[in-house]
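Asks: pasting the structure only:
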């Protein structure tokens, strides 16, 4: 097959890859009750009590709401051994992270604006 016959196919594949269709996960609607369960299992031991200088969830004025909107913030906590996953950034899925952040933000007072 000549190079001139292959080039149009490569261009077509590149254009398909650059289309504006959004991946399914971007349309994900966070689940508040699942977020609460993840929070209780992973975050509550510090954020309920202020352990390790963590801001307590009940103290809304201690929170920087922007940090609750930072992509990957929960996985960063995992990487720093601050959560029960102990350094395993895959211990929580991106959906778990979205749900727990949605829950935490709703508790701090601005959950609806996150998504």
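Replies: The structure has been received and is ready for your questions. Since this is a predicted model, take the numbers as computed values, not measurements. Numbers count the residues shown, from 1 in each chain.

Asks: show me where pLDDT drops low in this protein?
Replies: 1-26, 85-90, 110-115 (pLDDT under 70).

Asks: And the strands in it, which stretches?
Replies: Counting by DSSP state E, one finds no strands in the chain.

Asks: where exactly do the helices run in it?
Replies: 3-17, 32-38, 44-47, 73-79, 94-108 (DSSP state H).

Asks: Buried residues, the shortest one. List them.
Replies: Of the residues in helix 44-47, those buried by neighbour count under the rule 16 or more other C-beta atoms under 10 Å are 46-47. The C-beta positions use only the backbone N, C-alpha and C, and glycine is treated the same way.

Asks: do the same with stretch 30-37
Replies: For stretch 30-37, using 16+ other C-beta under 10 Å, the buried residues are 30-31, 34-36.

Asks: And those residues, which is closest to residue 64?
Replies: residue 35 (18.7 Å; C-beta to C-beta).

Asks: so who does that closest one touch?
Replies: 98-104 (C-beta atoms under 8 Å, 6 or more residues apart in numbering).

Asks: Just the closest of those to residue 92, please.
Replies: Using C-beta to C-beta, the contacts of residue 35 come closest to residue 92 at residue 100, 7.6 Å.

Asks: Is that closest one in contact with residue 43, as I believe?
Replies: Yes. Residue 100 lies in contact with residue 43 (C-beta atoms under 8 Å); the separation is 6.5 Å.
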